[in-house]
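pasting a predicted model and its sequence here:
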Amino acid sequence: SATPAFDLLLFGGTGDLAMRKLIPALWQAAAASQLHADGRIVALGRKPFDAAGYRVWLSEHARPLIGTPVDDASWNAFLARVDYLPLDACRPEDFALLAAKLPAVEKRVLVAYLATSPELFAPICESLAAVGLDHENARVVLEKPLGHDLASANAINDAVLAHFREGQVYRIDHYLGKESVQNLMAIRFGNVLFEPLWRREWVEHVEITIAEDLGVEGRGEFYNQTGALRDMVQNHLLQLLCIVAMEPPASMGADAIRDEKLKVVTSLRRFRARDVETKTVRGQYAAGSVHGAPVPAYREEAHVADDSRTETYVALKAEIDNWRWADVPFYLRTGKRLAERVAEIVIHFRDVPHALLPTAPGGIAANRLVIHLQPEENIRLHVLAKAPGDSMELQSAALELDFTKRFAARRADAYERLLLDAIRGNLALFMRRDEGVEAWRWVEPILEAWEADPAPPAPYPAGSWGPAAASRLLYENRHAWHEEC
Ligand code: BG6
């Protein structure tokens, strides 16, 4: 169903995220009749456009990035919703001009999407409040990264919450908007089959991987100050871990879900300095070749120093100290310039208590549930079956559910779903302050230990699966990454 009438203020309106993700998502939502006819988008940025000039900019920079064919009629109808105002986020007087553009604001939903650097979150919120754009129907959407460490995340949250209630703050983690990630919850809580086994008695270990084949793609300056732990682990990987590990929530209400995720993050065992040495691996890509094409080393990327110590790869062993998961390792890994782009979760079940039947040579003995989140969306349950022949030998075979084959309907991009949720006022797929803060508290000892360690990250060739140390991390428990099984 369509959203209520709204004004969406798009700060960072000419930026990369707006062109690559936000405008395409809004167009898709409009084309699918999801946006109220009276839903307006006011983009804000420092470029001195008028509305007509900005629309030309969008036609040149955003339209080609929409994944599906865009006909002129729907594109022009979309552009008719779009306005632009040049605005300097640090000049409060510019916000008076903005407020003057928005008639009868109190009655309409107002969504201020801050697709800017986090230093601007505080001044923008303060100036919005100063001109009355902090009313009951107003919301702010905060893009990641929300800070650089625990202290900066707290400072940003304090500054935003000086003007908006927690219930008006939508902290984005776009992984939560992915269909496949929501499906993970559906699979867990919609079926009786998995839940009884979803615990330490039956699960041996869990793997969560977000591998990328891309490098830093012109974001060298940002990335070099950030690194994979802050860019991916503190948020996306921990959110996936929470959804895999959380208890069934009391309802699908935003706080019921977020309460359960918070319990998982607070139950994560804290790393001491010596654990960081034994339970984490950081890597940095060297020159290599990805899908057969040669690519340069990270240190040769633009805006990256040739002695950079920024990690482009992290693997770690997380442990959850609670009744359900005690002693079950959760192996997390992510990296840039790996062999392929794949996000997957693998639940490795325990061996049968007594092996009555032999397994064929090279066969894997235990059951595994492999949940592919992207690029393909499918679930494979590996079971053992009899290999044809006159002996009774077991071989692994998979029961497979392929979502794109099974469900023909269009699958919305994560940003489309999250933008619609923000306009409709649904917080369930956004992070609450305490979740984000606890996640920072957990990663901080790792950041500190790495900082203090004179050794550089382990080099790995671009196009590989990361440093060899990542395999050793699992091997001491006689585990192996999925592709090595
Ligand atoms: C972003 C990171 O949050 O997620 C990027 O900043 C990363 O470095 C991206 O490439 C990955 O998202 P997706 O949806 O392409 O897996």
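Nice, I can see it.

M392 touches K386, doesn't it?
Yes: using CB atoms under 8 Å, M392 makes contact with K386 at a distance of 6.4 Å. To be clear about C-beta, it is placed using only N, CA and C from the backbone, and glycine gets the same treatment.

against the ligand, how distant is A343?
Going from A343 to the ligand by CB to the nearest ligand atom, to the nearest Å gives 6 Å.

that residue: what's it in contact with?
For A343, the contacting residues are S180, T209, I210, A211, H372, L373, Q374, by CB atoms under 8 Å, 6 or more residues apart in numbering.

what do you get for L146?
L146 touches P118, A153, I156, N157, R171, G436, counting by CB under 8 Å, 6+ apart.

any idea how far D307 is from the residue of the stretch 151-300 of the chain found nearest the ligand?
Per CB to the nearest ligand atom, D231 is where the stretch 151-300 of the chain lies closest to the ligand, at 4.7 Å. Per CB to CB, to the nearest Å, D231 is found 20 Å from D307.

show me where the stretch 101-250 of the chain has helices.
121-130, 150-161, 179-190, 220-228, 238-245 (DSSP state H, counting those that start in this stretch).

ok, and which of these has the densest surroundings?
By mean neighbour count, with neighbours taken as mean count of other CB atoms under 10 Å, helix 238-245 ranks first of the helices of the stretch 101-250 of the chain at a mean of 24.

now that one and helix 179-190, what's the angle there?
Put simply, helix 238-245 runs at 20 degrees to helix 179-190, going by axes from the mean of the first three to the mean of the last three CA atoms, to 10 degrees.

what angle separates the next helix or strand after helix 238-245 from helix 238-245?
As assigned by DSSP states H and E, the chain's next helix or strand after helix 238-245 is helix 254-267. In terms of direction (the same axes, to 10 degrees), helix 254-267 departs from helix 238-245 by 100 degrees.

got the CA positions of the next helix or strand after helix 254-267 in CSV?
Next along the chain after helix 254-267, taking DSSP H and E as the criterion, comes helix 273-279. Written as CSV, here are the backbone C-alpha positions of helix 273-279 (Å, rounded to 0.1, in the frame of the first residue of the first chain):
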residue,chain,number,x,y,z
ALA,A,273,44.5,-8.5,24.3
ARG,A,274,45.9,-12.0,24.0
ASP,A,275,42.5,-13.3,22.6
VAL,A,276,42.9,-10.7,19.8
GLU,A,277,46.1,-12.4,18.9
THR,A,278,44.7,-15.9,18.8
LYS,A,279,41.1,-15.3,17.7
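
quick one: the strands in the stretch 1-150 of the chain?
6-11, 39-45, 82-86, 109-114, 138-142 (DSSP state E, counting those that start in this stretch).

what are the pairing partners of the third one, and which direction each?
Each strand that strand 82-86 pairs with, and the sense of that pairing, follows from DSSP bridges: strand 39-45 (parallel).

one step back: M392 and K386 - which one has more neighbours?
Ranked by neighbour count (other CB atoms under 10 Å), M392 and K386 place K386 first, with 13 against 10.

residue contacts, that one?
K386 neighbours (CB under 8 Å, 6+ apart): M392, E393, L394, Q395.

out of those residues, which one sits closest to the ligand?
Q395 (33.3 Å).

now do the contacts for the spatially most central residue of the chain.
Nearest to the geometric centre of the chain sits Y175, at 3.2 Å (CA atoms, centre = their mean). Contact analysis of Y175 by CB under 8 Å, 6+ apart lists V181, N235, H236, Q239, L240, A414.

ok, the closest residue in space to the third one that isn't next to it in sequence to M431 distance?
Looking back up the chat, that one is H236. Closest residue to H236 apart from its sequence neighbours, by CB to CB, 6 or more residues apart in numbering: Y175 at 4.4 Å. To M431, Y175 is 11 Å away according to CB to CB.

helix, strand or coil for K317?
Assigned by DSSP: H, G, I helix; E, B strand; the rest coil, the conformation of K317 is strand.

and the nearest residue to it once chain neighbours are set aside, how many neighbours does it have?
Distances taken as CB to CB, 6+ apart put K279 closest to K317, at 4.4 Å, once the chain neighbours are dropped. Using other CB under 10 Å, K279 has 19 neighbouring residues.

quick check: K279 touching L473?
Yes: K279 is within contact range of L473, at 7.2 Å (criterion: CB under 8 Å).

residues shared between the contacts of those two?
L316, K317.

surely A112 touches L128?
Yes: between A112 and L128 there is a contact under CB under 8 Å: 6.0 Å.

give me the common contacts of these two.
By CB under 8 Å, 6+ apart, the residues touching both A112 and L128 are A138, V140.

show the pLDDT at G363.
pLDDT recorded at G363 is 66.

list, one by one, the residues from this structure near the ligand.
Residues of the chain found near the ligand (CB under 6 Å from any ligand atom) are K144, E212, D231.

of these, which is the most crowded?
Busiest of the residues of the chain next to the ligand [other CB under 10 Å] is D231, holding 22 neighbours.

my guess is that one meets I210, correct?
No: contact criterion CB under 8 Å: D231 and I210 do not qualify, at 10.4 Å.

below-threshold pLDDT in the stretch 1-150 of the chain: ranges please.
For the stretch 1-150 of the chain, applying pLDDT under 70 flags the ranges 105-106.

which residue does it bring closest to the ligand?
Closest point on the stretch 1-150 of the chain to the ligand, by CB to the nearest ligand atom, is K144, at 5.9 Å.

rewinding a little: anything in contact with each of Y175 and M431?
N235, Q239.

helix or strand: which one has the closest residue to L268 other than its chain neighbours?
Distances taken as CB to CB, 6+ apart put W442 closest to L268, at 5.2 Å, once the chain neighbours are dropped. Element membership of W442 [criterion: DSSP H and E] is helix 433-452.

how about that helix: buried residues?
433-444, 446-447, 449-450 (16 or more other CB atoms under 10 Å).

want to throw the contacts of K386 into CSV with secondary structure and pLDDT?
Shown next, in CSV, are these (DSSP: H, G, I helix; E, B strand; the rest coil; pLDDT from 0 to 100):
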residue, secondary structure, pLDDT
M392, coil, 88
E393, coil, 90
L394, strand, 91
Q395, strand, 90
